[in-house]
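# this is a predicted model, with the sequence first.
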Amino acid sequence: MSKYYLGVDLGSTTSKAVIINEKDEIIGKGITNTRANYKVAADIARQEAVYDTRFTLLNQNLRVESGLPENIEDLLVSLDDAFHFLEFDIRLQKLYNEFLKVGKSAFDNKLSKLILAELPGLIDQIRPQIKEAYLHGGLARKSQFFRDVVNEQYTQAVDSLETEYFEKFMLVFDKSITPVENEMIEFDFKQLATDALNMLLEAGDYPELTAGSKLYQKVAKQIQIIADEKIDITNMVGTGYGRALLPFPESCIKSEILCHAFGAHAVFPNTRTVLDIGGQDTKAIQVDGYGLVTSFHMNDRCAAGCGRYLGYIADELNISLNELGPLAMEAEKQVNICSTCTVFAGAELRELLNVGEKRSDILAGLHRSIVMRAMSLIARSGGVHNEFTFTGGVARNQAVLKYVSAMIHESYGEDITINVHTDSIFMGALGGAMFARRNIDVDLPEKQKRSRAKAV
Amino acid sequence: MAQEVTKEKSMLLQKKMIGGLFDELAHVKESGKKVVYTFVPGNLSELIRAFDMLPVYPEINALQSGMKKRSGGFIKEAEKLGHSEDVCTYVKCDVGMFLNGNKGPADTQIPPPDLLLLSYTGCFTFMKWFETLDRIYPGVEVAMLHTPYQEDGKITPEMRAYMVKQLKEEVIPKMEKVSGKKFDEAKLKENLQHSADAEDYLVQIFESAKHKPSPIDGYFAGVYYIGPVNIGFRGTPEATEYYKQLLIEIKERIRLGKGPVTPEGEMKKERFRLVVEGPPNWTNFREFWKMFYDLGVVIVASSYTKVGGVFDLGFRHNPEKPLESLSDYCMTVYTNHNLPQRIDLLSKYIKEYQADGFLVNSIKSCNSFSAGQLMMMRTLEERLEVPVGFIESDLVDPRYFSFSNIKNRLDSFFQMLEQRKIILNQKTPVA
């Protein structure tokens, strides 16, 4: 039986889980937004990683089958997308039920009737759009979570009602979303994956996939096999800002500094310096040839310049976090931002807009200023001597990446190799999983007995 | 002094000595003894004692107020008076203590100074501190002893002559004036012999940490060990007696293979040995120590315990050359070392005490200690390939001790040491 190892990185903004095999290969990843209930966040991330693992195994099994069309990989991506939509849809149904409850209880009779009358229509309006975004827009791969997805669509839908009770409708959402988000739902993989396959069949995007076709039968059969496969997690390690709150034994909790470095080093073995910008920490880490940390520096006392800072700025501009980077990339110049405090930066931003500076130019300056803070940490940690790897959620922001690359080259030489992995946000969880695999082999017998995890 | 543990004889001796000093200070009106305010690095304890005067160390009062959780209030008082947030918190704590009636950490009255003896060594804030005290106590006698910084890493005959000249022409005459006593060289020589004896023991005490497991913690417990020499007992037979007794106890610990005594109890298993640079945090001292204790981390050597003299590099007070030896003492304390000398000393510690890592506790409000620490850390990392860590706190301002930030960094640092041990023992690359 295959052995699997799990790493969970409970960050301040997102929770990530990675499952690796005995060759340190990532075979499953899961991500969700961190919420007040850390355990649920960790469980959902882990559950997603397990489903993702099953999809990886499905892919592996089907690849060795003969007589399948060349675009089988695309079909499996679509199957995964449909699967995620179905997961979403089950939670949306729960949200709708919660909407009805709140609609009945939170208002007087007249208003309640009015709201309840509109709710079914609102759901009918947003569901097809979201379904389309999952099936043909790759929504599942955009790190937008249930709350964000529904919030965006629901707000638009309520807006289109042009009702004087806009705030009341938003109250229904605000009161309903948290309990639904915090509910751990056990999905039936076999059922959901089969439904997803049928959904693809109905959609007709793959002409070869017809009812009763060989392709259909082979995929359906493999779904049955994979769904019955036991995915045993031999050991696991938790890391990240919320690691102390994870229900893991103490020996299975590791510092995120070590995990990020280990993960980044595993993916890019020549890495000697790692910069990780997460939700509330910026870490500059030096590693040796083994991927072991030799020294590190972290922001102290202030988290301006981290992911949460960008989130605050996005809120100030009333745009989504994902739009910040692209907007900054449109800049023609960089406006100088002096504030080292998040709240003051918000005030400075409004002032600059007021004097007529363009949003893109202000954002460019803002991105540059946070990278300058990170550069100071890198310098304090010992600089960049060899390959440099950038990890964490913020590494996906194109504008941050642009300034990091420019400043690293400017300060440490044009020949420095800069690595950013598409899964940069998962590096901490990957490092955790790798430690989980290694800790099995090392001399910690009593601790290991306690830390052996149960089958998922 | 560790609390809630069996007090060893040396602990009781120290308690008695320090209690006695504060008691004497509280009764100077009756005894007519004169009081000299001075600082620990480069202090002239033997000379003060030769005039039968009593020393007061404002920074010791400040750190003890910190340990007794009083410094936060004192600092606020000083800030109300206009001292900025960035001013050395020892200074603000001292000013605040004065504003609160100058009750010392032992709850006894600290008398006003008859002499401000400024032998500033490596810290220029000392000068500003005494300027403040000069305003608080108008008309008080002030004696300046300028100690040349070891810019080139060595002491020249000219530097020594310059110091001796100041002692002869500035310090001793002022002491004679204040005490009303004639300078008695024979008394000074006698005191210097006591110092040399105590210093011999002190060196053996700190070097006992070369044993594995170390019988002492050379930082958290070390700050107690340097208590008597840094609080005015250098040059007294009591100090020699204390160190003799302490060494007996430590030798016994070595014989029994025991680890250090800590406030949480005896350290059972030594997992990591560290060398630490920088003063400890005082407001959360026990909590801070516990973070190390909980993970079996022993500090085998530290630079901070050498601010009152780096005796392990060979310096001893010498009765044969009294004023020259006092001069050399002032010039050789840790804070008067230049940065390459500090690096060499730390490097020697890391090697000779077989440390697993090097940690800096950088002090937010102490520029003189913090300057150069990152450079020192980098150089040691490159020179010795030793894992290094960096944390930040403050001396006595409780607002700057962030438990979770420090814990997070220390956890990472200790895990880093552990992982290195495990993986390097396996001896094959892991990725």
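Sure thing, it's come through.

# show me the strands in the chain, by range?
With no chain named, the answer covers chain A. Under the criterion DSSP state E, chain A carries strands at the ranges A:4-10, A:14-20, A:26-33, A:233-239, A:271-277, A:282-287, A:293-298, A:387-391, A:418-419.

# right idea, wrong chain: chain B
Using DSSP E, strands in chain B cover B:35-37, B:54-56, B:115-118, B:141-144, B:261-262, B:265-266, B:272-277, B:297-302, B:357-363, B:388-393.

# which other helices and strands contact the last one?
If I follow you right, that is strand B:388-393. Helices and strands in packing contact with strand B:388-393 are listed as strand A:293-298, strand B:357-363, helix B:373-384, helix B:403-426; criterion 3 or more C-beta pairs under 8 Å, 6 or more residues apart in numbering or on different chains; DSSP states H and E. Backbone N, C-alpha and C define where each C-beta goes, glycine included.

# lowest average pLDDT across those?
Comparing mean pLDDT across these, the weakest is helix B:403-426, with a mean of 85.

# so how far is that helix from its chain's centroid?
Its chain's C-alpha centre lies 28 Å from the corresponding centre of helix B:403-426 when counted by C-alpha atoms, centre = their mean, to the nearest Å.

# go on, stretch B:338-357?
For stretch B:338-357, the distance to the chain centre is 18 Å (C-alpha atoms, centre = their mean).

# now the stretch 51-200 of chain B against chain A: closest residue?
B:Glu85 (12.7 Å; C-beta to the nearest C-beta).

# phi, psi of that residue?
Summarising the backbone geometry of B:Glu85 under the convention degrees, to the nearest 10, its torsions are phi -60, psi -30.

# same deal with B:Ser303?
On the backbone of B:Ser303 - angles per degrees, to the nearest 10 - the values are phi -80, psi -30.

# swap in A:Lys230?
Per degrees, to the nearest 10, the residue geometry at A:Lys230, taken as phi and psi, is phi -90, psi 130.

# ok, now which ones touch the nearest residue to A:Lys175 once chain neighbours are set aside?
When the adjacent residues along the chain are set aside, A:Lys175 lies closest to A:Val102, with 4.8 Å between them (C-beta to C-beta, 6 or more residues apart in numbering or on different chains). By C-beta atoms under 8 Å, 6 or more residues apart in numbering or on different chains, the contact list for A:Val102 reads A:171-172, A:175-176.

# can you rerun that using 7 Å?
A:172, A:175-176 (C-beta atoms under 7 Å, 6 or more residues apart in numbering or on different chains).

# do the same with B:Met267
For B:Met267, the set of contacting residues under the criterion of C-beta under 7 Å, 6+ apart consists of B:259-260, B:293, B:296, B:298.

# chain A: which of these is nearest?
Ranked by distance to chain A (C-beta to the nearest C-beta), the contacts of B:Met267 are led by B:Gly296 at 13.9 Å.

# point me to the residue of the stretch 201-350 of chain A nearest chain B.
Counting by C-beta to the nearest C-beta, the stretch 201-350 of chain A gets nearest to chain B through A:Ser255 (3.7 Å).

# was I right about that residue contacting B:Leu417?
No. Proximity of A:Ser255 to B:Leu417 does not meet the contact threshold set by C-beta atoms under 7 Å, at 11.3 Å.

# and for whatever residue of chain B ends up closest to chain A, the neighbour number?
In chain B, the residue found nearest to chain A is B:Ser412; the distance is 3.7 Å by C-beta to the nearest C-beta. For B:Ser412, the count of nearby residues is 23 (other C-beta atoms under 10 Å in any protein chain shown).

# out of everything not next to it in sequence, what's closest to it?
The shortest distance from B:Ser412 to any residue other than its chain neighbours is 3.7 Å, reached at A:Ser255 (C-beta to C-beta, 6+ apart).

# could you list the low-pLDDT ranges of chain B?
When residues are selected by pLDDT under 70, those of chain B lie in B:1-6, B:426-431.

# got the domain boundaries for it?
Using automatic domain parsing, the domain ranges for chain B come out as B:9-182, B:189-426.

# which one of the ones you listed is the most hemmed in?
Compared across the domains of chain B, domain B:189-426 shows the largest average neighbour count, a mean of 20 (mean count of other C-beta atoms under 10 Å in any protein chain shown).

# hang on, the earlier thing: reformat the strands of chain A as JSON lines; add distance to B:Asp312.
As requested, the strands of chain A are arranged in JSON lines below (distance: least, C-beta to C-beta, whole Å):
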{"stretch": "strand A:4-10", "distance to B:Asp312": "45"}
{"stretch": "strand A:14-20", "distance to B:Asp312": "49"}
{"stretch": "strand A:26-33", "distance to B:Asp312": "52"}
{"stretch": "strand A:233-239", "distance to B:Asp312": "41"}
{"stretch": "strand A:271-277", "distance to B:Asp312": "36"}
{"stretch": "strand A:282-287", "distance to B:Asp312": "31"}
{"stretch": "strand A:293-298", "distance to B:Asp312": "27"}
{"stretch": "strand A:387-391", "distance to B:Asp312": "41"}
{"stretch": "strand A:418-419", "distance to B:Asp312": "46"}
